[in-house]
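Participant: give the three-dimensional model of this entry:
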Amino acid sequence: MQIGSIGFPEDQRIKLEKIFKLSKQTRYILVDPDFNNLPDLMLVFGFNLNDHPELLNLPSSYHSRLILVGRGRPADKSYAYLGYPLVSSRVLRTLDKMTSENEDMECPVAETVEENKFSKYENVETEAEELSSTRNGFQVLVVDDNEIMQQALDSELQQLSLPVNVHFAATGEEALEKVANNSYDFIFLDVVMPGIDGFETCAEMRKHSELKKTPIIMLTSKTSPMDEVKGIMSGCSTYLTKPIEHDEFQRVISRVSNWVDEFQKA
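Facilitator: Numbering: from 1, shown residues only. Presented below is the predicted three-dimensional model:
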């Protein structure tokens, strides 16, 4: 489904694109509005349509497809609106509601591959212990200030059949020093830490060319839609929820291990 946007700052357009990728029901695509071929819905930054002269000649029937975005509530209650700053769950809920109200819209189902870069490995039935038989082992960095969490991850990693060399860091600053001096196959990164948080640490790591494609698994006690957006924008690959559950860990490590193998063979 095509979603146009008018008047959005570039950073907010980027945020919208990230939010759209979180949709599990409908595939939303952000497009530049073509007024000769109008998109399914239009997001307008600001509550005053007079600030956007290009909208004044829209057919009246299209007004039901406009969504105004701003702080507070618009004076004209006939328009749908979204509060600002943008919250991913609220954006998707509003788009889904507008879609259902405009029944003539085509609603392509979102492809799973858009949600997770490792999704092509989701259905791998082989246990993590049996994966990567051509490898000699893994180099892993665990970034978490909680020693119990460090031990839990180390315990899970040591159950793999291949040798795993685990390095630990308790802060984002320490983690950045580690990646500057060592190479890792994948990285576990806590969101909440003293000093710089996991999002900022992840973004800094992605600035290193050698870490552009390294899987970074965010560790979070609860995954809210906004956390997911922040994680995606900072460059994380996927999430693990704390406390670590064995089955969930095995699924994640299976996907990540397979992706690492394929990437290194390429």
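Participant: helices or strands up against the longest helix seen in the chain?
Facilitator: In terms of residue count, the longest helix belonging to the chain (DSSP state H) is helix 246-265. When contacts are defined as 3 or more Cβ pairs under 8 Å, 6 or more residues apart in numbering; DSSP states H and E, helix 246-265 sits against helix 147-157, strand 238-241. The way it works is simple: take the backbone N, C-alpha and C, and place the C-beta from them, glycine included.
Participant: TSV for these, including distance to residue 34?
Facilitator: Listed next are the helices and strands packed on helix 246-265 as TSV, based on distance: least, Cβ to Cβ, whole Å:
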stretch	distance to residue 34
helix 147-157	49
strand 238-241	35
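Participant: which one of the ones you listed lies nearest to residue 61?
Facilitator: Residue 61 lies closest, by Cβ to Cβ, to one member of the helices and strands packed on helix 246-265: strand 238-241, at 41.8 Å.
Participant: so which elements touch the closest one?
Facilitator: So strand 238-241, by 3+ Cβ pairs under 8 Å, 6+ apart, packs with strand 216-220, helix 246-265.
Participant: returning to that earlier point: report the rounded mean pLDDT for the longest helix of the chain.
Facilitator: Regarding helix 246-265, the rounded mean pLDDT is 73.
Participant: go on, stretch 97-110?
Facilitator: When the per-residue pLDDT values of stretch 97-110 are averaged, the result is 58.
Participant: mind checking the SS state of the residue nearest in space to the middle of the chain?
Facilitator: The centroid of the chain falls nearest to residue 232 when counting by Cα atoms, centre = their mean (3.1 Å). Following DSSP: H, G, I helix; E, B strand; the rest coil, residue 232 is assigned to helix.
Participant: now for it: which residues touch it?
Facilitator: Contacts for residue 232 (Cβ atoms under 8 Å, 6 or more residues apart in numbering) come out as 18, 21, 22.
Participant: how about 7 Å then?
Facilitator: Remark: with contacts taken as Cβ atoms under 7 Å, 6 or more residues apart in numbering, residue 232 is in contact with 18, 21.
Participant: hang on, the earlier thing: and the longest helix of the chain, how far out from the chain's middle?
Facilitator: For helix 246-265, the gap between its own C-alpha mean and the chain's C-alpha mean amounts to 18 Å (Cα atoms, centre = their mean, to the nearest Å).
Participant: just the angle between that helix and strand 216-220, please?
Facilitator: Interaxial angle of helix 246-265 relative to strand 216-220 (axes from the mean of the first three to the mean of the last three Cα atoms, to 10 degrees): 160 degrees.
Participant: what residues of helix 246-265 count as buried?
Facilitator: When burial is assessed from 16 or more other Cβ atoms under 10 Å, helix 246-265 yields the following buried residues: 249-261.
Participant: also stretch 66-81?
Facilitator: If you call a residue buried by 16+ other Cβ under 10 Å, then stretch 66-81 has these buried ones: 66, 67, 68, 69, 74, 80, 81.
Participant: filter these down to just the ones in strands.
Facilitator: By the criterion of DSSP state E, membership of the buried residues of stretch 66-81 in strands covers 66, 67, 68, 69, 80, 81.
Participant: from those, which is closest to residue 195?
Facilitator: Comparing those against residue 195 with Cβ to Cβ places residue 69 closest, at 33.8 Å.
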